[in-house]
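Build me a model:
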Amino acid sequence: MVGHPVLADTDVRWCQKVSLDFVNTGDHPVTTGKVMFGSHVIGPLGVDWATVTSTHQLPLPLAGGKKKTGSWRVCVDAWRVPLGMHLDTRDITFAWHA
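Below you'll find the predicted structure:
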């Protein structure tokens, strides 16, 4: 199970800090997994110009019945976010294996 993401700006407009809680509701520890982020490039008038995906490692291992918070600096190429635009990481999926 995954919680709601907490987003924060960084020192550059083409990166965003994303924090997310993961809960292992099973009995066995999770030892492998990845989280995939879809970062939307938003223009000054709110137009969604593009979505760029990135994949990161989960904060593992995660014992059964436990919660762990992961934080990532999610970035896209600087040229994708011209002056006046920003990122909004909205799409988050993950896969893990016990």
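
which residues of this structure score low on pLDDT?
Under the criterion pLDDT under 70, the flagged ranges of the chain are 1, 98.

Counting neighbours, what do you get for the closest residue in space to Asn24 that isn't next to it in sequence?
Nearest residue to Asn24, sequence neighbours excluded (Cβ to Cβ, 6 or more residues apart in numbering): Leu62, at 4.7 Å. Bear in mind the C-beta positions are built from the backbone N, C-alpha and C, glycine included. Applying other Cβ atoms under 10 Å, we find 21 residues neighbouring Leu62.

Name the SS class of the closest residue to Gly26 other than its chain neighbours, please.
Spatial nearest neighbour of Gly26, chain neighbours left out: Gly64 (5.3 Å); criterion: Cβ to Cβ, 6+ apart. Look at Gly64: counting by DSSP: H, G, I helix; E, B strand; the rest coil, its state is coil.

just checking, Gly64 touches Asn24?
Yes. Counting by Cβ atoms under 8 Å, Gly64 touches Asn24, with 5.4 Å between them.
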